[in-house]
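Visitor: model the following, please.
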Amino acid sequence: KQINFILDERHRLMSELQKISSLTVFPSDSNFFLFKTEQSADELFYHLMYNGILIRNLSSHGKLKNCLRVTVGTKNENDQFLSTVKDFMIK
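Guide: Just a heads-up that it's a prediction; the model follows:
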């Protein structure tokens, strides 16, 4: 049951992020996935952190510039993450 939830939520998160043209979402078979932003990953990371959402900023690794990693959470956490990312990208 938990595995199916994670798979469904991962698919939903990735699908929603793929709708944002300035983001590139990379395939994943795990409970987390990587995405790249055309804007500053640092700015998005701090915006999320300011709003109580902690993800992994991988920008300091040379080939992962502007890349962030997010772990699938609860439905509520995932909704909050998506909403906060969309708010940041719109401004």
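Visitor: so Val70, which of the three states?
Guide: Classification of Val70 using DSSP: H, G, I helix; E, B strand; the rest coil returns strand.
Visitor: for it, which non-adjacent residue is spatially closest?
Guide: Nearest residue to Val70, sequence neighbours excluded (Cβ to Cβ, 6 or more residues apart in numbering): Ile55, at 4.6 Å. Every residue, glycine included, has its C-beta placed from N, CA and C.
Visitor: what sits against that neighbour?
Guide: 45, 48, 68-71, 81 (Cβ atoms under 8 Å, 6 or more residues apart in numbering).
Visitor: can we see that at 7 Å?
Guide: 45, 48, 68-70 (Cβ atoms under 7 Å, 6 or more residues apart in numbering).
Visitor: which two among those are spaced furthest apart?
Guide: Pairwise distances among those were taken by Cβ to Cβ; the largest, 11.9 Å, belongs to Leu48 and Arg69.
Visitor: which residues of the protein fall in helices?
Guide: Using DSSP state H, the helices assigned to the chain run over residues 2-18, 41-50, 75-90.
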